[in-house]
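> coordinates only, sequence not included:
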């Protein structure tokens, strides 16, 4: 008679906190710093959106303050509730100007506005409260068009290429997660190996689409997921905002582990050495996590 084979589950190595940079001291009288999107460039410089003061905050690699970019308004170069942010291959900053329904690009070397694209509306290329922002390997710009319940893809000059969306038909609910192929609240979308991974703040999960924008599957069960990133070791990292944690998954959706010691994490960005940079709105802080994978 054969003996039963015992399955041994190996506990994943812990995620560790490498550093933290509190930005509360940047608050002006009557205006609170409210952190949102975050990005890291090839030099290790950190850019984070400050929705409370309608500006971008730039930090040096060691977390020391470098400069701010932008100010409140509707003119070119002004910002209104900047939300998503990403560096392109030239280390210029692209920002989703949420309140002005457009995407803007800044030359960080000169600290000045370069160009913008998009305008309020529902037509192809128009935007309604754009939030999460990312760039794929071909320099295409991926915009989570929150108000229009869709994701739009533009070339590096802001020319519309294609979109994907589907009517949000909410199916059965389990543990707060809605089983549906529809897009209801697209928060942030990234491309990796011919797939799009998108957080849906209403469905409380990550939705996976193929390169044509066809729905494939749901991953996880969270409470208002926001920022998302894929590491070089192919680990999916998600800000589980209302659970105050970052969740880690394999790309097939299998959960790995989480880091629960955060305060309202909004967005995250990957660093060159396996770090994860997280913007924490609840305590006005950027936290750097080291993944052991």
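Okay, I see it. This is a predicted model, so every value here is computed, not measured. Numbers count the residues shown, from 1 in each chain.
> Do you know the pLDDT at the residue nearest to residue 133 when sequence neighbours are not counted?
In space, residue 133 comes closest to residue 84 once its chain neighbours are excluded; the distance is 3.2 Å by C-beta to C-beta, 6 or more residues apart in numbering. Using the backbone N, CA and C atoms, a C-beta is placed for each residue, glycine as well. Looking at residue 84, its pLDDT reads 98.
> before we move on, what about residue 273?
Listed pLDDT for residue 273 reads 84.
> Can you report how many residues lie near it?
A count of nearby residues for residue 273, using other C-beta atoms under 10 Å, gives 9.
> Any stretches of the stretch 151-293 of the chain with poor pLDDT?
Per-residue confidence of the stretch 151-293 of the chain (counting by pLDDT under 70) places the weak regions at 166-181.
> again, 90 this time
Low-confidence regions of the stretch 151-293 of the chain, defined here as pLDDT under 90, cover residues 165-182, 272-274, 292-293.
> Same question for the stretch 1-150 of the chain.
Counting by pLDDT under 90, the low-confidence segments of the stretch 1-150 of the chain come to 1-14, 28-31, 108-112.
> Which residue is the nearest non-sequential neighbour of the most centrally placed residue in the chain?
Most central residue of the chain, judged by C-alpha distance to the mean C-alpha position with C-alpha atoms, centre = their mean, is residue 227 at 3.3 Å. Once flanking residues are discounted, residue 227 sits nearest to residue 267: 3.2 Å by C-beta to C-beta, 6+ apart.
> Contact partners for the one you found?
Neighbouring residues of residue 267 by C-beta atoms under 8 Å, 6 or more residues apart in numbering: 36-38, 84-85, 132, 188, 226-227, 239, 278-279.
> 10 Å instead?
Contacts for residue 267 (C-beta atoms under 10 Å, 6 or more residues apart in numbering) come out as 35-39, 48-49, 83-85, 131-133, 187-188, 199, 226-229, 239, 241, 277-281.
> can you check residue 138 too?
Contacts for residue 138 were tallied using C-beta under 10 Å, 6+ apart; they are 153, 155-156, 191.
> ditto for residue 84
36-39, 49, 94-98, 103, 130-134, 142-144, 146, 187-189, 226-227, 267.
> These in strands, which ones?
Counting by DSSP state E, the members of the contacts of residue 84 that fall within strands are 36-39, 49, 94-97, 103, 130-134, 142-144, 187-189, 226-227, 267.
> re earlier: please, a PyMOL command that selects the buried ones among the contacts of residue 138?
Taking 16 or more other C-beta atoms under 10 Å as the burial criterion, the selection of buried members of the contacts of residue 138 in PyMOL is written as:
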select buried, resi 153+156+191
